[in-house]
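A.B. asks: with the input below, show me the fold.
(2 chains)
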There are 2 protein chains.
Amino acid sequence: MVDTMSWKDGTLIILDQTALPSAVEFITCTNYQRVCTAVKRLEVRGAPALGAAAGFAMLLAYKELVHTTQDILTVYAKAKEEIAQARPTAVNLSWGANLMYKAATSMASTGKDLNAIYTSLEKLAMEIYTEDIRINKKMGEYGAEILPASSIILTHCNAGALATCGWGTALGVIRSGFAQGKVKMVYADETRPLLQGARLTAWELNEDHIPVTLITDNMAATTMAHKHVNIVITGADRIAANGDAANKIGTYGVALIAKALQIPFYIAAPASTFDFKLTSGEQIPIEERAPQEVRQIKTVPIAPPNIPVFNPAFDVTPAGLISGIITEYGVLRPPYKESINKLHAQVLKEDKYTWKV
Amino acid sequence: MVDTMSWKDGTLIILDQTALPSAVEFITCTNYQRVCTAVKRLEVRGAPALGAAAGFAMLLAYKELVHTTQDILTVYAKAKEEIAQARPTAVNLSWGANLMYKAATSMASTGKDLNAIYTSLEKLAMEIYTEDIRINKKMGEYGAEILPASSIILTHCNAGALATCGWGTALGVIRSGFAQGKVKMVYADETRPLLQGARLTAWELNEDHIPVTLITDNMAATTMAHKHVNIVITGADRIAANGDAANKIGTYGVALIAKALQIPFYIAAPASTFDFKLTSGEQIPIEERAPQEVRQIKTVPIAPPNIPVFNPAFDVTPAGLISGIITEYGVLRPPYKESINKLHAQVLKEDKYTWKV
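C.D. replies: Coordinates of the predicted model:
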């Protein structure tokens, strides 16, 4: 499996996902601004991958600060904001950036030396990265348990190895299920406008020899109804405390269709995807992207040049449409207010990062 | 408004819809085989336009036969089959071809001279064409009545002037409603894989200064939920006697979403779209098209080269999801078995073509 990102000699190497599937190319980020650009351009994407990218971006930011004469924490707070705002919907960006920022400030308050702080921050960023892979494998285990023996799965966008540091969330569940002989077919929605399903999901499942069939987004209903789809699994970009889940545009429609056809609809997302302070999905900011993404495909125009466009990057699936949320702590079930509250308590109790030395 | 097709000096001139919106080009068909090719390539498309194209194709076929020594009616029956099969889902092709064939055989049985038959057939083909425009205007009148005073409409694919001989079915209703000041906004699904919404609907509404916003297909749910859409109108390619309606792929999903969000879902289709002998939508053959349509957009590859694809061109919306069917005879309401049966009786009673002289 190809590496989504790696940290090498003080630089972040990112797989350029906008070039897939026609080319496997890498981008070398030597400063945090380049990571922000990569996030905006979707060269790196997927909620969990963004969490790790934010960690490395904060590490790059700190690296520069070691040699500055400015007030380090003020500048560092600015970098944190910039990274968190690179894409407003995904909570993982600010989650990763905050984790690094808190570590830096708590170490600074003890009077620790700048280079020593940097070394500890590097350890933390690496832990966010490796922890993500561990988390995905754990989600895979829990998720595989709920897969029907002969699963015909529909998925939307790319919640795969490419959306994480490895293994994947929704596709991690599929990978684990496939290893257990449970996956008969995966239908991948192409996921307009940026075609993450066609470019990334189809590509990575095919690379792993997992049976996949590509469809356009508007074929989801007839595929679910007539191709014996027995489960839908997607990722999520932000989940509110009541279970409402923001994910790639189109997920809401898929969930409504699944509900109407009585097909269980699951989300696979790590605990870092939950925004426990939001009481409902209505509070999740929805990023709107450039009209050109809809008016053209790559560089080919497909619509009248100045036609008005509505281009939200995400939608919110109400909790009532979600059969369960697969996390690294187990599968959450309705009522979500309760199960998510319990998850929150577990997360707060746990102190899993060992960087604090 | 540009002409979808026109009959000039014994040839059929077709607007090449695959070139829109970047170019307005025309194809000259001098034989019926070229019309069949145009149908297969979607250079001409849309159920009502296909009915008229079938009429002109049959006229071109007869024109050749005037000079043949073969058994005319056998060869003519073969042409009829070929035209009807150019696209298997749209019933209008065989409707138009049959109308011409029946006229030819009934005139032949009276011993009428070949050239005189040709002249009568030309009159009939022209009547199918002009009658389609009259029918669309009539549908527009009935449809405009049911539009809310401040309509925010979602439509799928292109059921416009371009899908007919002029005015349009679903877009005809919108045109008539707009003329009455009732249309505030039209959201047009782009309609992958062949993008009839982006290329044709957005183009023709924009040309007529009707406010239109383009969205990708998977934005329909969030648009309906959050942009105050208060009615959905699409066309249809074939409607069974129980009201089940085949239309462009994606219509079924849109109808399920509309139902879930309690937004009325209407179909606008002339009586020629009804296949009264089919008792349910399950009997409608669904054309599957080439995987390349999904793997690439125009000539741009967007997925791994040999990835398996499911590419049905149509889906069937069950009658239970349809609030009403707008026809040139009025708006049909559930229970559809009853209202469609009544429509059938009206169609049989009526003898609208005057060619029989």
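A.B. asks: quick check, the residue in the stretch 1-150 of chain A closest to chain B?
C.D. replies: Per C-beta to the nearest C-beta, A:Pro21 is where the stretch 1-150 of chain A lies closest to chain B, at 4.9 Å. Using the backbone N, CA and C atoms, a C-beta is placed for each residue, glycine as well.
A.B. asks: which non-adjacent residue is nearest A:Leu114?
C.D. replies: Excluding the flanking residues, the one nearest A:Leu114 by C-beta to C-beta, 6 or more residues apart in numbering or on different chains is A:Val66, at 4.9 Å.
A.B. asks: show me where chain A has its helices.
C.D. replies: A:32-40, A:47-65, A:72-84, A:91-109, A:114-146, A:170-179, A:196, A:202-207, A:220-226, A:251-260, A:292-295, A:336-349 (DSSP state H).
A.B. asks: tell me which of the ones you listed sits nearest to A:Glu328.
C.D. replies: helix A:114-146 (4.1 Å; C-beta to C-beta).
A.B. asks: now the closest one: buried residues?
C.D. replies: A:114, A:117-118, A:120-129, A:131-133, A:135-144, A:146 (16 or more other C-beta atoms under 10 Å in any protein chain shown).
A.B. asks: next one: stretch A:13-23
C.D. replies: A:13-18, A:20-21.
A.B. asks: for stretch A:329-343, same thing?
C.D. replies: Buried positions in stretch A:329-343, judged by neighbour count with 16+ other C-beta under 10 Å: A:329-332, A:336, A:339-340, A:343.
A.B. asks: which among the residues you listed gets closest to chain B?
C.D. replies: Among these, and counting by C-beta to the nearest C-beta, the member closest to chain B is A:Tyr336, at 19.6 Å.
A.B. asks: find the nearest non-adjacent residue to that closest one, please.
C.D. replies: A:Gly243 (2.8 Å).
A.B. asks: what residues are up against the one you found?
C.D. replies: A:Gly243 is in contact with A:319, A:322, A:325, A:332, A:334, A:336-337, A:340, counting by C-beta atoms under 8 Å, 6 or more residues apart in numbering or on different chains.
A.B. asks: now the strands for the stretch 151-300 of chain A?
C.D. replies: Taking DSSP state E, counting those that start in this stretch to define them, one finds strands in the stretch 151-300 of chain A at A:151-155, A:183-189, A:212-215, A:231-234, A:238-240, A:245-248, A:265-268, A:274-275, A:296-297, A:300-301.
A.B. asks: put together JSON lines for those strands, with mean pLDDT, mean neighbour count and distance to chain B on each row.
C.D. replies: Putting the strands of the stretch 151-300 of chain A into JSON lines (pLDDT from 0 to 100; neighbours: other C-beta atoms under 10 Å in any protein chain shown; distance: least, C-beta to the nearest C-beta, whole Å) gives the following:
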{"stretch": "strand A:151-155", "mean pLDDT": "98", "mean neighbour count": "24", "distance to chain B": "11"}
{"stretch": "strand A:183-189", "mean pLDDT": "98", "mean neighbour count": "24", "distance to chain B": "7"}
{"stretch": "strand A:212-215", "mean pLDDT": "98", "mean neighbour count": "24", "distance to chain B": "5"}
{"stretch": "strand A:231-234", "mean pLDDT": "98", "mean neighbour count": "26", "distance to chain B": "12"}
{"stretch": "strand A:238-240", "mean pLDDT": "96", "mean neighbour count": "29", "distance to chain B": "15"}
{"stretch": "strand A:245-248", "mean pLDDT": "97", "mean neighbour count": "29", "distance to chain B": "8"}
{"stretch": "strand A:265-268", "mean pLDDT": "98", "mean neighbour count": "25", "distance to chain B": "13"}
{"stretch": "strand A:274-275", "mean pLDDT": "94", "mean neighbour count": "22", "distance to chain B": "19"}
{"stretch": "strand A:296-297", "mean pLDDT": "90", "mean neighbour count": "20", "distance to chain B": "4"}
{"stretch": "strand A:300-301", "mean pLDDT": "91", "mean neighbour count": "14", "distance to chain B": "5"}
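A.B. asks: just send the ones you listed back as JSON lines, with distance to A:Ala77 too.
C.D. replies: Shown next, in JSON lines, are the strands of the stretch 151-300 of chain A (distance: least, C-beta to C-beta, whole Å):
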{"stretch": "strand A:151-155", "distance to A:Ala77": "38"}
{"stretch": "strand A:183-189", "distance to A:Ala77": "39"}
{"stretch": "strand A:212-215", "distance to A:Ala77": "44"}
{"stretch": "strand A:231-234", "distance to A:Ala77": "34"}
{"stretch": "strand A:238-240", "distance to A:Ala77": "22"}
{"stretch": "strand A:245-248", "distance to A:Ala77": "26"}
{"stretch": "strand A:265-268", "distance to A:Ala77": "32"}
{"stretch": "strand A:274-275", "distance to A:Ala77": "20"}
{"stretch": "strand A:296-297", "distance to A:Ala77": "38"}
{"stretch": "strand A:300-301", "distance to A:Ala77": "43"}
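A.B. asks: so for B:Asp71, which of these sits nearest?
C.D. replies: Nearest to B:Asp71, of those and by C-beta to C-beta, is strand A:212-215 at 46.4 Å.
A.B. asks: what helices and strands are in contact with that closest one?
C.D. replies: strand A:183-189, helix A:202-207, helix B:292-295 (3 or more C-beta pairs under 8 Å, 6 or more residues apart in numbering or on different chains; DSSP states H and E).
A.B. asks: which of these sits closest to A:Ser6?
C.D. replies: Per C-beta to C-beta, nearest to A:Ser6 of the helices and strands packed on strand A:212-215: helix A:202-207, 16.9 Å.
A.B. asks: what is the neighbour count of A:Ala319?
C.D. replies: Neighbour count for A:Ala319, taken as other C-beta atoms under 10 Å in any protein chain shown: 21.
A.B. asks: separation between the residue sitting furthest away from the middle of chain A and A:Val75?
C.D. replies: Here chain A reaches farthest from its C-alpha mean at A:Thr69, the gap being 35.8 Å by C-alpha atoms, centre = their mean. Distance of A:Thr69 to A:Val75, computed by C-beta to C-beta, to the nearest Å: 10 Å.
A.B. asks: same deal with A:Leu20?
C.D. replies: From A:Leu20 to A:Val75 the distance is 35 Å (C-beta to C-beta).
A.B. asks: re the thing from before, can I get the buried residues of stretch A:13-23 in a markdown table with distance to A:Met5?
C.D. replies: Below are the buried residues of stretch A:13-23 laid out as a markdown table (distance: C-beta to C-beta, whole Å):
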| residue | distance to A:Met5 |
| --- | --- |
| A:Ile13 | 7 |
| A:Ile14 | 5 |
| A:Leu15 | 7 |
| A:Asp16 | 11 |
| A:Gln17 | 10 |
| A:Thr18 | 14 |
| A:Leu20 | 14 |
| A:Pro21 | 18 |
